[in-house]
Structure formats: C-alpha cells, structure tokens
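Undergrad: heads up, no residue letters with this:
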C-alpha cells in the first residue's frame, strides 16, 4: 500500500520534467521534487472500511540563479505540479507552504513543500 502510493506519486510528478526522488537523495540534481512521509499525517483512516489515506510531503527545489529566475522557475514548477495532482484521480493536495529556503543535505535552495494524499486499500 505505502510503496504503491509512493511509486504512483513519483510517476505522476516525473511527467512534469523535474528530477523526482522517492527519498532524500545523497546529492540532488536540480530542479527536483523529493517525496517524504508527511509530517502532518503520514497514514490515517480513510472514508471507507479498509481504506487509508497515505500522505507525502513533496519538497520542490530549484537551482541557484538570479532571484527573479529562481522565483519564476519555482512558480512554473509549482503550477505544473498542481495541475498534475489536480488532474490525477485519487490524489488530493492539502497545502502548499510559502516559498523559502529548503535544506537538502546541508545545502539551502529556494523551494517549497506541499502535502499530497492518496486513498489506498490494504
């Protein structure tokens, strides 16, 4: 259930052209999206018997450039990810954090984090 949800989300986000990692990479190729279990609610009861809601925090980071270029790039990737999640059956977007510094293994990049849920059955 968990591995299937993670794999489905990774496939969905890969279609945007970002490097998508299903865990925190030792070294990230930017721009990228990194999937991690949601800190807000990783696994919760679903609406039906035997159904669970699996949550992932998706951290999006863009490469270093001028402030305008980084902001424009982040806006573009967030919009593409929003469309991908919105159009995919079974996926639900919870929230998107304000842009800021995101730390990937000790290096800070401009980015944001958003939470995506998928309903899954055992």
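TA: Perfect, I can see it now. Here the structure is a predicted model, which is why all the values come from computation and not from measurement.

Undergrad: Show me where this structure has its helices.
TA: Under the criterion DSSP state H, the chain contains helices at 2-14, 67-87.

Undergrad: Return the most buried member of those helices.
TA: When you average the neighbours per residue for each of these (mean count of other Cβ atoms under 10 Å), helix 2-14 leads with a mean of 16. The way it works is simple: take the backbone N, C-alpha and C, and place the C-beta from them, glycine included.

Undergrad: So which elements touch that one?
TA: strand 19-21, strand 32-37, strand 51-61, helix 67-87, strand 107-121 (3 or more Cβ pairs under 8 Å, 6 or more residues apart in numbering; DSSP states H and E).

Undergrad: re earlier: could you redo the helices of the chain as CSV and give each row distance to residue 99 and mean pLDDT?
TA: What follows is these, written out as CSV (distance: least, Cβ to Cβ, whole Å; pLDDT from 0 to 100):
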stretch, distance to residue 99, mean pLDDT
helix 2-14, 18, 94
helix 67-87, 6, 93
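
Undergrad: Could you report the separation of residue 122 from residue 1?
TA: 6 Å (Cβ to Cβ, to the nearest Å).

Undergrad: Now the common contact residues for the two.
TA: residue 52 (Cβ atoms under 8 Å, 6 or more residues apart in numbering).

Undergrad: ok, these two, which is more surrounded?
TA: Between residue 122 and residue 1, residue 1 has the larger neighbour count (other Cβ atoms under 10 Å), namely 13 against 6.

Undergrad: For that one, give its distance to residue 91.
TA: Taking Cβ to Cβ, one finds residue 1 at 15 Å from residue 91.

Undergrad: again with residue 77
TA: The value you get for residue 77 to residue 91, if Cβ to Cβ is used, is 17 Å.

Undergrad: what does residue 113 give?
TA: From residue 113 to residue 91 the distance is 16 Å (Cβ to Cβ).

Undergrad: which residues touch the one residue sitting closest to the centre of the chain?
TA: Centroid-nearest residue in the chain, with Cα atoms, centre = their mean: residue 58, separated by 2.1 Å. Shown in contact with residue 58 (Cβ under 8 Å, 6+ apart): 9, 13, 33-35, 81, 113-116.
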